[in-house]
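# Requesting a structural model of the entry that follows:
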Amino acid sequence: MRRSWLATLAILLTTAFLVTACDSTADKTNDANASGSGANGGAPTAPFSFDGANGGASGQLAQDVADRVFFATDSSEISSDGRAILEKQAAWLKTRPNLNITIEGHCDERGTREFNLALGERRATSAKNYLVSLGVPEAKINTISYGKERPAVDGHDEAAWAQNRRAVTVVQ
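Numbering: from 1, shown residues only. As a prediction, this is how the structure comes out:
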C-alpha cells in the first residue's frame with residue numbers, strides 16, 4: 001500500500017514538472033515572436049501584427065506596407081505620412097476581402113490612464129475612418145485602445161514617446 005501511494009506521488013510530481021517545463025518553453029517562444037522588429041523604427045509589436053514574425057498574411061503585408069501610423073502629441077489627426085501608409089494598407093486589404101483587422105490605438109506614457117484610453121480610441125477610429133473612406137468595408141475593421149498600457153519602446157524621452165503614439169493594424 002505504501003509503495004502504491006509513493007509511486008502515485010512520483011508520477012504526479014513528474015507530470016507537473018513536465019507540464020511546467022513545456023509551458024515555460026512556449027512562453028519564451030511567444031515572447032521572442034512578440035518582440036520582433038516592426039516595419040517602422042524596429043519597435044516591438046503585439047502578436048499577429050504585420051511585423052512578419054507570424055508569417056501568412058501578416059508577413060506578406062509586412063513586406064508590402066507598414067502596419068502603423070504615428071501621431072503628434074495629444075492628437076488623433078492623421079499626418080500625410082500616415083495617410084500614405086493607410087492608402088497602401090487599403091489597397092492591400094481590398095485584394096484580400098476575407099481578412100478582418102483590428103486597429104489598436106496607443107499613446108505615450110504621459111497623461112492619465114483614462115485620458116490615454118480615450119486618445120487611443122480616437123487614434124484607432126481616425127485610422128479606421130480613413131480606411132473606410134478608401135473603400136475598406138467597415139464591418140471588416142474593429143478598433144481597440146490600449147492607451148499607454150502597451151508601449152512599443154521603453155523610454156522617457158521624445159524619441160520613445162514618438163514611437164508609442166501610434167495606431168497599429170493587426171490581422172485577425
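# Which elements pack onto the helix or strand encompassing Glu114?
Using DSSP states H and E, Glu114 maps to helix 113-133. On a contact count with 3 or more Cβ pairs under 8 Å, 6 or more residues apart in numbering; DSSP states H and E, helix 113-133 meets helix 80-94, strand 101-106, strand 141-147, strand 166-171. To be clear about C-beta, it is placed using only N, CA and C from the backbone, and glycine gets the same treatment.
# Turn those into CSV, columns for mean neighbour count and mean pLDDT.
Shown next, in CSV, are the helices and strands packed on helix 113-133 (neighbours: other Cβ atoms under 10 Å; pLDDT from 0 to 100):
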stretch, mean neighbour count, mean pLDDT
helix 80-94, 17, 96
strand 101-106, 25, 96
strand 141-147, 18, 98
strand 166-171, 25, 93
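# okay if I get those as a markdown table plus distance to Phe70?
Shown next, in a markdown table, are these (distance: least, Cβ to Cβ, whole Å):
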| stretch | distance to Phe70 |
| --- | --- |
| helix 80-94 | 7 |
| strand 101-106 | 10 |
| strand 141-147 | 15 |
| strand 166-171 | 5 |
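# measure stretch 86-101 end to end?
13 Å (Cα to Cα, to the nearest Å).
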